[in-house]
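J.: What shape does this take:
(one chain, ligands or ions: 1)
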Amino acid sequence: MSSVVAPNADPEELRARANVWRLTLGVVDSAVLKWAIELGLPSTLLKHGGPMTLTQIASSLPTPCTNLPILARLMRYLVHLNICRLVESDVSGDDELYAATPCTKYLDPGYQENQTDLLQLRMEKWILDTVCGLGLSLKGNETKPVFDKVHGESVWSFFGRQPERSKAFNAGMANQARAVAAAVVDGCRDLFMGLKSVVDVGGGTGAAMREISKAYPHLACTVLDVPHVIEGVKDNVSGVRYVGGDMFSCVPKADAVQLMSVLCDWGDEDCIKILKKCKEAIPAKGGKVIIVSKVLGLEGSMEDLERVKYAGDMVMMAITGGKERTKKEWKKLVSDAGFNQCSIIPLATLPSVIVASP
Ligand SMILES: C[S@@+](CC[C@H](N)C(=O)[O-])C[C@H]1O[C@@H](n2cnc3c(N)ncnc32)[C@H](O)[C@@H]1O
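T.: The predicted structure is shown next:
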C-alpha cells in the first residue's frame, strides 16, 4: 500500500513534493511570458521609465486593457517570476505600483539581446510537438532525431521551406550571438591577436562576425551558412563577406575558424566531419578552431546557467539530434577530429570558448 505523508510531517518531504509540483507546472511560466510579450507589457513598463499603477499600465498597453482584475493577476504572477516588481511605497494608496526589474528588458523586442523571438518560437505547436515527443528517441531502431520522426524531415530542410520561421529563428539566434560575441571579445583578449582572417562556420546572418569585426577591424571576416540563410542577409556596410555553402563539403580558408552554437546541433560522428573540414581550412601552424559552445557541469558555474544547459541538451536531442557536452567529452571530440591541443576558457555567459589547435 502506498503511504501518504502529512504536509507538516517532514520538511524534506514537503520540499520534494513542492519541487515536483513546480516542475509539473513549468509550461505555465513560458506561457505567461509569451502572454506578457504579446500584450507588450515589458516594453510598456520600460518605456514609462518609472513605477506605474495598474490603471496606468492598462491604459498604456499597445491595445489598452479593460479587464483590471485579470491584468492584476497577470502582474502578480510576473512579480512572482521577478519579471517586474511591486513598489512598496504606493503613493495613491488604492492602486498598486509596478516597476521593471533587470529581467524585464530581455522580454522587450526593442532590446538588442531580447529573448522574445526564441520564446515565441519555442511555444509554437511544431516545437512543442517535438519536445513533447522526446520519448520517441528510445522507440524503434532508427537513430533519427524526434523532429525528423514527427515532421518527416530535418529541422534544417523544414527551415528551408518555411522562410518566416527560419527568419524568426535566425533573428532569435542573432540576438544571442551578438551578446555571446561581445563576451568572447571581452573575456578572451588574445584570441584574435596575430590573426589576419577568420571564418564563422554556421554563422547564421552574421551577428557574431559583425561584433568581432567591429572589435578587430584588421580581421578579414567571412560567414559561411546554408544558401537560404545567406540569401536573407542585408549587410552592405560591415565589410563582412557572406558565403552560401555546406560546411560538410568545404570551409573557406582562413587563419581561424569559429563554430558558435553549431556543434551542439550534431552527433559526434558529424561533429568530427565538420571539425576535420575546419582543420583543412586553417594553417597547420598557428591556425585554430574557436568553438563557442556550452560546457556541461563547469565548476563554479551558476545553478540557473547549468539548468539552462541541461535543458538545452534535451532540446537538442529532440530537435536536431545533437547534444551538449562535458569538458571531458569536448576534449575527446576535438582529439578524435585530429587536433593536438584543446583548451577551455569559461566566459561570463552561457557558453565557453574551446580552442582546438592542430
Ligand atoms: C544554432 S544555429 C547557430 C547560428 C550562429 N552561429 C549563432 O551562434 O547564432 C546553427 C547554424 O548552422 C547552420 N547550418 C546548418 N547546417 C549547415 C551546413 N550544412 N553548412 C553550413 N551551415 C549550416 C544553420 O543554418 C544555422 O544558421
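
J.: all contacts plus neighbour counts: C-alpha atoms, from now on.
T.: Fine.

J.: who in the stretch 201-350 of the chain is up against the ligand?
T.: Residues of the stretch 201-350 of the chain found near the ligand, taking CA under 6 Å from any ligand atom as the criterion, are 202-204, 224-226, 245-248, 260-262.

J.: Tabulate the residues you listed in CSV, adding columns for secondary structure and pLDDT.
T.: What follows is those, written out as CSV (DSSP: H, G, I helix; E, B strand; the rest coil; pLDDT from 0 to 100):
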residue, secondary structure, pLDDT
Gly202, coil, 96
Gly203, coil, 96
Gly204, coil, 93
Leu224, strand, 97
Asp225, strand, 96
Val226, coil, 94
Gly245, coil, 96
Asp246, coil, 97
Met247, coil, 97
Phe248, coil, 97
Met260, strand, 97
Ser261, coil, 95
Val262, coil, 97
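
J.: Among those, the buried ones, what's the ChimeraX command?
T.: Only the buried entries of these go into this ChimeraX selection, using 16 or more other CA atoms under 10 Å:
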select :202,203,204,224,225,226,245,247,260,261,262
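
J.: Can you say which two of the residues of the stretch 201-350 of the chain next to the ligand are spatially most distant?
T.: Gly245 and Ser261 (17.7 Å; CA to CA).

J.: Show me the strands in the stretch 101-250 of the chain, by range?
T.: Counting by DSSP state E, counting those that start in this stretch, the stretch 101-250 of the chain has these strands, from start to end: 197-201, 220-225, 241-244.

J.: winner for burial among these?
T.: strand 197-201 (a mean of 25; mean count of other CA atoms under 10 Å).

J.: Return the list of helices and strands in contact with that strand.
T.: Packing partners of strand 197-201 (3 or more CA pairs under 8 Å, 6 or more residues apart in numbering; DSSP states H and E): strand 220-225, strand 256-260.

J.: so what's Phe147 up against?
T.: For Phe147, the contact set (CA atoms under 8 Å, 6 or more residues apart in numbering) comprises 130, 153-155, 318-320.

J.: filter those to the buried ones?
T.: When the contacts of Phe147 are checked for burial by 16+ other CA under 10 Å, the buried set is 130, 154-155, 318-320.

J.: got the angle for the lengthiest helix in the chain vs strand 256-260?
T.: As far as residue count goes, and with DSSP state H defining each element, the longest helix of the chain is helix 163-187. Relative orientation of helix 163-187 with respect to strand 256-260: 120 degrees, computed using axes from the mean of the first three to the mean of the last three CA atoms, to 10 degrees.

J.: Now tell me what touches helix 163-187 from outside.
T.: Contacts of helix 163-187 (CA under 8 Å, 6+ apart): 112-118, 121, 159-160, 204-209, 211-212, 215, 229, 260, 347-349, 351, 353.

J.: one step back: can I get the contacts of Phe147 in JSON lines with distance to Asn82?
T.: As requested, the contacts of Phe147 are arranged in JSON lines below (distance: CA to CA, whole Å):
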{"residue": "Thr130", "distance to Asn82": "29"}
{"residue": "Glu153", "distance to Asn82": "39"}
{"residue": "Ser154", "distance to Asn82": "37"}
{"residue": "Val155", "distance to Asn82": "33"}
{"residue": "Ala318", "distance to Asn82": "29"}
{"residue": "Ile319", "distance to Asn82": "29"}
{"residue": "Thr320", "distance to Asn82": "32"}
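
J.: Tell me the one of these nearest Phe192?
T.: Of all the contacts of Phe147, the one sitting nearest Phe192 is Thr320; the distance, using CA to CA, is 30.3 Å.

J.: How about the contacts made by that closest one?
T.: Neighbouring residues of Thr320 by CA under 8 Å, 6+ apart: 145-147, 154-155, 265-266.

J.: can you check Val243 too?
T.: Applying CA under 8 Å, 6+ apart as the definition, the contact partners of Val243 turn out to be 222-225, 227, 230.

J.: Which of the contacts of Thr320 sits closest to the ligand?
T.: Asp265 (6.6 Å; CA to the nearest ligand atom).

J.: What's the local residue count around that closest one?
T.: Using other CA atoms under 10 Å, Asp265 has 19 neighbouring residues.

J.: Equivalent analysis for Gly49, please.
T.: Burial of Gly49 is recorded as 11 neighbouring residues (other CA under 10 Å).

J.: picking that back up, quick one: the contacts of Thr320 as CSV, columns for pLDDT and distance to Phe169 too.
T.: Output for those, formatted as CSV (pLDDT from 0 to 100; distance: CA to CA, whole Å):
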residue, pLDDT, distance to Phe169
Pro145, 93, 19
Val146, 94, 19
Phe147, 95, 16
Ser154, 94, 15
Val155, 94, 11
Asp265, 95, 14
Trp266, 95, 17
